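1. can you look at this prediction? I've put the sequence above it.
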Amino acid sequence: MAGKDGRLLRLYEELLEQSGPQECNKAWPRNEKRAGVAWAKPCWWPADSRFEVVVGALLAQNTNWKNVEKAIGNLKDADSLDAERIVSMRKCSLEKLIRPSGFYRQKAKRLKTLAKSFLVFESRGSPPSRDELLAIDGVGKETADSILLYAYDIPHFVIDAYTRRFCKCHSLLESKEYDDYTSYFEKALPRDVALYKEYHALIVEWGKAAGRMKRAD
DNA sequence: GGCCAGGACACCA
DNA sequence: TGGTGTCATGGC
């Protein structure tokens, strides 16, 4: 572990001890219909398929996860949580289904574009690169890293509002640059998908608990 | 009624 | 390059 930030690892161990593992290692059935990279369901990220992770990553932008769950629930109820269905359905119909997630007009347009790209990645049988994701309208760095880590098991540490808050609270780092956080975490931690998922999940749960405590004051 | 929540992008100086 | 406005719902 030479060269790695011991403090970040110690904080990880503390969170793990306090909250327990957020992500189990159990391999789930490969339930993707199409060819592609093997899909093992991540337990912490609530999704039944790779495409559901992709949809969740986009819909979660600047909104509460409960609103995302409602939108995804609507898609499931309409039997429309499927890339081909989303590509082919009318935009106004998609808007109605994802309305609870907020910014629904913008997200419906972007979701259709993302679903089209998803089909390309699946049909060629290889995961997207980060640059390919970033070239898609509505996919920024956080969304791209969430998709790579949770949908494709590619080690990119996800920097979200909770991660920034965690770094600030523990006086680790404070910056406006996304890449500053990325390089901090990825230099300090061993490059490991399970570790990245678990650490991010623990940070999110830490952030939610901190938020609840703050509101209770 | 106001604030916040697992962002991204366009526009302007 | 940095700041600001826009997109919008739902829970507390």
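-> Cool, got the structure. Here the structure is a predicted model, which is why all the values come from computation and not from measurement. Numbers count the residues shown, from 1 in each chain, chains lettered A, B, ... in the order given.

2. would you mind listing what in chain A touches DNA strand B?
-> Applying CB under 7 Å from any atom of the strand, we find that chain A lies next to DNA strand B at A:45-46, A:56-57, A:60-65, A:67, A:102-103, A:106, A:136-144, A:146, A:150, A:160-162, A:204, A:207-208, A:211. Placement of C-beta: from N, CA and C, glycine included.

3. and the helices in chain A?
-> A:6-19, A:50-59, A:65-77, A:83-88, A:91-98, A:104-124, A:130-134, A:141-146, A:152, A:161-169, A:178-188, A:193-216 (DSSP state H).

4. ok, of those helices, where does mean pLDDT dip lowest?
-> Sorting those by mean pLDDT places helix A:193-216 lowest, at a mean of 85.

5. tell me what that one is packed against?
-> Helix A:193-216 sits against helix A:6-19, helix A:161-169, with contacts defined as 3 or more CB pairs under 8 Å, 6 or more residues apart in numbering; DSSP states H and E.

6. may I see these arranged in TSV, with distance to A:Ser93 and mean neighbour count as well?
-> Conversion of the helices and strands packed on helix A:193-216 to TSV gives the following (distance: least, CB to CB, whole Å; neighbours: other CB atoms under 10 Å):
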stretch	distance to A:Ser93	mean neighbour count
helix A:6-19	40	13
helix A:161-169	31	17
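
7. can you convert these into JSON lines and add a column each for distance to DNA strand C?
-> Putting the helices and strands packed on helix A:193-216 into JSON lines (distance: least, CB to the nearest atom of the strand, whole Å) gives the following:
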{"stretch": "helix A:6-19", "distance to DNA strand C": "20"}
{"stretch": "helix A:161-169", "distance to DNA strand C": "13"}
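
8. to A:Tyr199, which of these lies closest?
-> helix A:6-19 (5.4 Å; CB to CB).

9. now that closest one, how far from the chain's geometric center?
-> Here helix A:6-19 is found 21 Å from its chain centre; the criterion is CA atoms, centre = their mean, to the nearest Å.

10. quick one, that helix and helix A:193-216 angle?
-> 70 degrees (axes from the mean of the first three to the mean of the last three CA atoms, to 10 degrees).

11. for helix A:6-19, packing partners?
-> With contacts defined as 3+ CB pairs under 8 Å, 6+ apart, helix A:6-19 has these neighbours: helix A:178-188, helix A:193-216.
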